[in-house]
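Asker: my questions concern the predicted model and sequence given below.
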Amino acid sequence: MMKQPHKNIRKADTLNKDFYLNPKYFLQTRDNIFRKAWHWGIWDSELNAERNVMPMILLEDYLDTAVVLSRQASGVKVFSNVCTHRAALVCSKPGQYRQLVCPYHGRQFDLNGQFLKMPGFSEALNFPRDCENLAPLKSDFWGGFHFISEQAGIPFEEWIEPVRSRMKFFPMQDLIPEPSMFKHYTIKAHWALYCDNYLEGFHIPFVHPALNSTIAYSLYRDELFPFGTLQTGFAKPGELAFDLPPDSPDSGGPPVAAYYFWLFPNLMLNFYPWGLSVNIVCPVKPDLTRVEYRGYVCRPDLLHKGAGGDLNQVEMEDEAVVESVQKGIKSALYPGGRFSPEKEPGVHHFHRLLANFLQNT
Ligand code: FES
Ligand SMILES: [Fe+2]
């Protein structure tokens, strides 16, 4: 049982460090949190006139849930890509399909994942049953992107609402994927240590001197939502900032350099005047994490400027400190720590959410 940190941050201890070290919790987290969570799927235009079907794997090396996204007149459907005969992957590459045919023994499905027919089964009794269909997953849509969940244990609208409402001024429809910004980093640390680090700006002056020179650290702001947080980085005078409309809650205040959203458990949406940088934190092992970066640009003329100017440098600095924490947390001489009430409300919120999901399932 994972004890929940005290709700009063001024009294709370950090999450029991067993969470990061014991493989039991790593597996429990997969089943009790990640299977309920929403996952970043695809940009809507990835399914188009030349390509109505796309396979993908949700959190490869952790969930390993093979799915197919299929464009239908009614929207995008998502279902299992695992053949209901003997588990071969049905679809191996994106393309234009009229139906899906398993390459192993020829079982056929329509583009909703419904079983159509199969050779060699004319003698089978009680066949086909409903379970011959490819299992459906939940999907939802926001800002030109599709999200996928196995169990939808978190209400999508409540999860995405803080981003939707705060960023309604942002031209999501103009975002274009920038291939050079699709990359991944491998970090020798637990996935939640990477999130812990992301969830506080406390370390910025210590760890990120170049970033710190562009933002007004004393104004850095945290907001908490039921399933996420928003950190706002304000621009120093003369640094690049958003052009905010009058109905933005931040209009008239200090200029905003970056909005850093984190959505429980592992999605980071970093908005800059040039566009959106997405970080997907993928657990691999209790001490190994892959962070997938995806960049979508709406104002290429503003790239490489301001708080979102050198993301690779910031990433290298974060990785070094997170790997240091991974080493330190293993020491028997570290029993756990406390939170800064002023600077670490996001980390406290994350730890309480983790414990809550592990307790209630
Ligand atoms: S595994 Fe697909 S038809 Fe046999
Ligand atoms: Fe950082």
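Answerer: Alright, I've got the coordinates. Ligands and ions are numbered 1, 2, ... in the order given.
Asker: give me the buried positions along stretch 14-30.
Answerer: For stretch 14-30, a neighbour-count test (16 or more other C-beta atoms under 10 Å) marks Thr14, Leu15, Asn16, Lys17, Phe19, Tyr20, Leu21, Tyr25, Phe26, Gln28, Thr29 as buried. (Glycine included, C-beta is placed from N, CA and C.)
Asker: got a list of what the third one touches?
Answerer: Which is Asn16. Shown here is Asn16, whose contacts under the criterion C-beta atoms under 8 Å, 6 or more residues apart in numbering are Met2, Lys3, Gly336.
Asker: number of nearby residues for the first one?
Answerer: The reference is to Met2. 19 (other C-beta atoms under 10 Å).
Asker: just checking, it touches Lys17?
Answerer: No. Contact between Met2 and Lys17 fails when scored by C-beta atoms under 8 Å: they sit 10.9 Å apart.
Asker: excluding its backbone neighbours, what's nearest Arg221?
Answerer: Spatially, and ignoring its direct neighbours in sequence, Arg221 is nearest to Thr232 (4.5 Å; C-beta to C-beta, 6 or more residues apart in numbering).
Asker: bridging residues for that neighbour?
Answerer: As for beta bridges, Thr232 partners with Arg221, Tyr259 under DSSP bridges.
Asker: still on that earlier bit, secondary structure and pLDDT for the contacts of Asn16 - can I get that in JSON lines?
Answerer: As requested, the contacts of Asn16 are exported to JSON lines (DSSP: H, G, I helix; E, B strand; the rest coil; pLDDT from 0 to 100):
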{"residue": "Met2", "secondary structure": "coil", "pLDDT": "92"}
{"residue": "Lys3", "secondary structure": "coil", "pLDDT": "95"}
{"residue": "Gly336", "secondary structure": "coil", "pLDDT": "97"}
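Asker: closest to Ala189 among the residues you listed?
Answerer: Ranked by distance to Ala189 (C-beta to C-beta), these are led by Gly336 at 16.9 Å.
Asker: just to check, the closest one is in contact with Asp13?
Answerer: Yes. Assessed by C-beta under 8 Å, Gly336 is found in contact with Asp13 at 5.5 Å.
Asker: contacting residues for the residue most central in space within the chain?
Answerer: For the chain, Leu267 is the residue whose C-alpha lies nearest the centre (C-alpha atoms, centre = their mean; 2.4 Å). Taking C-beta under 8 Å, 6+ apart as the criterion, Leu267 is in contact with Trp38, His39, Trp40, Val278, Asn279, Ile280, Val281.
Asker: and the second one, how far from Glu239?
Answerer: His39 sits 34 Å away from Glu239, taking C-beta to C-beta, to the nearest Å as the criterion.
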